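> Got a predicted structure plus its sequence, pasted below:
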Protein chains: 4
Amino acid sequence: MTDRSINKNMPRTEEQYEEIRESRRNMIMETALELFAASGYHNTSISMIAGKAGISKGLLYNYFEGKEELLNAILDKGIQELMLFFDPNKDGIITEDELRYYIDELFVILRERREYWRLYFAIALQPLVFEKVYNKAADLTRVYLGMIIRYFREKGFDDPETEGILFHMLLDGISLNYIMGPDEFPIEKVKNLLYNKYLNCKNK
Amino acid sequence: MTDRSINKNMPRTEEQYEEIRESRRNMIMETALELFAASGYHNTSISMIAGKAGISKGLLYNYFEGKEELLNAILDKGIQELMLFFDPNKDGIITEDELRYYIDELFVILRERREYWRLYFAIALQPLVFEKVYNKAADLTRVYLGMIIRYFREKGFDDPETEGILFHMLLDGISLNYIMGPDEFPIEKVKNLLYNKYLNCKNK
Amino acid sequence: MTDRSINKNMPRTEEQYEEIRESRRNMIMETALELFAASGYHNTSISMIAGKAGISKGLLYNYFEGKEELLNAILDKGIQELMLFFDPNKDGIITEDELRYYIDELFVILRERREYWRLYFAIALQPLVFEKVYNKAADLTRVYLGMIIRYFREKGFDDPETEGILFHMLLDGISLNYIMGPDEFPIEKVKNLLYNKYLNCKNK
Amino acid sequence: MTDRSINKNMPRTEEQYEEIRESRRNMIMETALELFAASGYHNTSISMIAGKAGISKGLLYNYFEGKEELLNAILDKGIQELMLFFDPNKDGIITEDELRYYIDELFVILRERREYWRLYFAIALQPLVFEKVYNKAADLTRVYLGMIIRYFREKGFDDPETEGILFHMLLDGISLNYIMGPDEFPIEKVKNLLYNKYLNCKNK
DNA sequence: CATGAATGAGGTTTCATTCAT
DNA sequence: AATGAATGAAACCTCATTCAT
């Protein structure tokens, strides 16, 4: 920046390189996610990704060790973004307001990252390969399920554990249908019914 | 079989040939399903399938036009089996008993054909390629959803349509978790909670 | 560039630059030799060399035109070092003492530059590519062989030419085994046997 | 052959397939050996091998798991051929006649399989990679060295162990020079000197 | 002088599919 | 009906080298 701005023949600074790398990396990941989601992981070739990203195949390998690592990076990033959203105050307790907020945000996330989540489901169902990422999500699920069960217990539900599991599965099913289903998904109606069933409720 | 023991060159009847073809076809499909479910569609080669089925690659192409047709046949068959099970008397109406039976049978099916359904979900989430099969399943879903909604309407639920959709999604979520999840899935508890929520209910 | 001469940027003298270049060049060559010897020429990438040498890939190309030239430089340097050692007084005659000295030094060289010689042998056996270097070594061999033969002739051996060739080949074989072989090579015993066979001898 | 000659639409018999595979495999190995020896292992691509062999790249992988396995197969075969030649009567003892025979045969082998042995030396000097084959050769060397030492001991040499090692190294050196060197190698002279030094000898 | 992002040609490998037998 | 050798297109990946900065 200082001396370097005077002499153009200096190499880039570390920060400049870091910046280039970071933005390129993100660009590649976004491009790959679009293609993975549009055509599936196995049907998307490195050539396609590089082509759509406007870079050479070789460069892609400068940023990711291989196709699988690229996918892992994409999935990790999605999980991390999701983690930021859960239980923001990190007290491990979910209140009624927080649950409403959570339900609202779930639909926001699903809408905004629909492609990501379609990919995630598709990958998660591929056997054998992506246990690492799957385990990460499983960790997240466990924590979140614990909080949900606690919520149901304090709300006085008869069998808070099963109820929590059922609630969790319901959200899975909603997510799945929202992601795969037609565009005329009745978001508002579903949301209201969730409110009625699990919020403001004087017990079950 | 018997005739053949007398004169080796006794030609098989048309039906015998047809029978042999049919059973061999099924055998190939079962073998392929196992491998697809164990390793994923793209990671399973025709060689592997033929090898495990004990036949040559060439012969496999005598039974299926290609890998994709083989997959389609597997998925079609699964859907057809499922169709046989839904609303057996074809009156389009579901009673409380039938719903209980349906819930019970759902778990039986999931358990017995777990691999098939994992494959089905994984494939269904692969974009672009398998719209045909997906549409078939969608037809099934529509019919079944109509019956569910009618059931909820007659049970006096406030918003039977949304309730039906939610119920459908819940079953999807349960199926998904049952298929993917650990073996200690609390089947009985979930079943009971479903009974309590949707059967014997004095309205919502 | 010139402005830099005013303050702390006092330019280095030509000689200083040359010195820096020379030492850096040597450093790169040593680094490359280690890696070539450890992993083979083809399995060692420019990236690896630059990385281990602590410089950028680009800079390496400032010192060497390419990978092959780098290798040639390494081999040339080794040959040159070797030339310095042979027949230091350049009288073309080898005495008994000089031969003893030569045998001793051979083992010293092999020990100290074992990696270089392993590389050299490996490269020399790669056909087609490195004839230039091979020819250089061949020159050296010819001169040295002439001196050996003369030595054997003066010692009164029956067939000094063949005996010289055999002696040369024996040293090749010893070198090869020393370089490739296990660490428990019986240096002293071999040396003594060489002494007995070719020194102090009352003819054959 | 029998019934099959009548009906042309029968698949080949197992023996026919085995025959095809065996000859193809050998043909590929010979082709690859020529190219490896002519251009070096790393400079020879699968494409080149397949092209020269007149087959598709894919077929080559039907016969060898990869380039390295192809090389291993070539080296193994060479070692095996060599093993057949050593100590044919397997009594573990080498007589004077056998040693003469051995020296003679060594040159025959070197002449006939010169390319193979050049490749073998080049490979053996490649670090890290081909230890398996190298170890096989080491086994062979150990056995053979033991027999040589025993021979020298019975001939009354002073230090039969070192003498044996030296003899072994001499043969290595001769082989190396014969393989790499010019075509005017003085085979007969070298052979005679070997005879004089190590055969018919009344002690050292 | 110095950097490392970027290229692109070329390498190895896979596998659905065909076909002579 | 049955075989498996053979194909070839396309995949993934590597890396020597260039070049804007």
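Yep, it's here.
> alpha carbons only for contacts and neighbour counts from here, please
Noted.
> Would you state the helices of chain A in chain order?
Assigned by DSSP state H, the helices in chain A fall at A:3-6, A:14-39, A:46-53, A:57-63, A:67-85, A:96-112, A:114-124, A:131-154, A:160-180, A:187-198.
> Is it possible to get CSV of the ones you listed that adds distance to chain D, mean pLDDT and mean neighbour count?
What follows is the helices of chain A, written out as CSV (distance: least, Cα to the nearest Cα, whole Å; pLDDT from 0 to 100; neighbours: other Cα atoms under 10 Å in any protein chain shown):
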stretch, distance to chain D, mean pLDDT, mean neighbour count
helix A:3-6, 43, 46, 10
helix A:14-39, 27, 93, 16
helix A:46-53, 21, 97, 17
helix A:57-63, 20, 97, 14
helix A:67-85, 22, 87, 16
helix A:96-112, 44, 88, 14
helix A:114-124, 29, 81, 21
helix A:131-154, 28, 84, 16
helix A:160-180, 39, 91, 21
helix A:187-198, 52, 92, 15
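> closest one to D:E65 among these?
Smallest distance to D:E65 across the helices of chain A (Cα to Cα): 22.6 Å, for helix A:67-85.
> Export that closest one to PDB, keeping only CA atoms.
C-alpha atoms of helix A:67-85 as PDB (Å, rounded to 0.1, in the frame of the first residue of the first chain):
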ATOM      1  CA  LYS A  67     -14.300 -32.400  -6.300                       C
ATOM      2  CA  GLU A  68     -15.200 -34.000  -3.000                       C
ATOM      3  CA  GLU A  69     -13.400 -31.400  -1.000                       C
ATOM      4  CA  LEU A  70     -15.200 -28.700  -2.900                       C
ATOM      5  CA  LEU A  71     -18.500 -30.300  -2.000                       C
ATOM      6  CA  ASN A  72     -17.500 -30.700   1.600                       C
ATOM      7  CA  ALA A  73     -16.600 -27.000   1.700                       C
ATOM      8  CA  ILE A  74     -20.000 -26.100   0.400                       C
ATOM      9  CA  LEU A  75     -21.800 -28.300   2.800                       C
ATOM     10  CA  ASP A  76     -19.600 -27.100   5.700                       C
ATOM     11  CA  LYS A  77     -20.300 -23.500   4.900                       C
ATOM     12  CA  GLY A  78     -24.100 -24.200   4.800                       C
ATOM     13  CA  ILE A  79     -24.000 -25.900   8.200                       C
ATOM     14  CA  GLN A  80     -21.900 -23.100   9.700                       C
ATOM     15  CA  GLU A  81     -24.300 -20.500   8.400                       C
ATOM     16  CA  LEU A  82     -27.100 -22.500  10.000                       C
ATOM     17  CA  MET A  83     -25.300 -22.800  13.300                       C
ATOM     18  CA  LEU A  84     -25.100 -19.000  13.500                       C
ATOM     19  CA  PHE A  85     -28.800 -18.900  13.400                       C
END
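> Please enumerate residues in contact with it?
With contact meaning Cα atoms under 8 Å, 6 or more residues apart in numbering or on different chains, helix A:67-85 is reached by A:M29, A:L33, A:I46, A:F64, A:Y116, A:Y120, A:V133, A:K136, A:A137, A:L140.
> swap the cut-off to 10 Å and go again
A:25-26, A:28-30, A:32-33, A:36, A:41-42, A:44-46, A:60-61, A:63-64, A:66, A:90, A:102, A:105-106, A:109, A:113, A:116-117, A:119-120, A:123, A:129-130, A:132-134, A:136-137, A:140 (Cα atoms under 10 Å, 6 or more residues apart in numbering or on different chains).
> That helix and DNA strand E, any residue contact?
No. Judged by Cα under 7 Å from any atom of the strand, helix A:67-85 stays clear of DNA strand E, getting no closer than 12.8 Å.
> And DNA strand F, is that helix touching that?
Yes. Interface with DNA strand F: helix A:67-85 contributes A:K67, A:E68 (Cα under 7 Å from any atom of the strand).
> and chain A, which of its residues are near DNA strand E?
Applying Cα under 7 Å from any atom of the strand, we find that chain A lies next to DNA strand E at A:9-12, A:14, A:17-18, A:20-21, A:24, A:54-60, A:62.
> does A:Y178 really touch A:E115, like I thought?
No. A:Y178 is beyond contact range of A:E115, at 11.2 Å (criterion: Cα atoms under 10 Å).
> ok, the closest residue to A:L171 other than its chain neighbours to A:K90 distance?
Nearest residue to A:L171, sequence neighbours excluded (Cα to Cα, 6 or more residues apart in numbering or on different chains): B:G173, at 7.1 Å. B:G173 sits 27 Å away from A:K90, taking Cα to Cα, to the nearest Å as the criterion.
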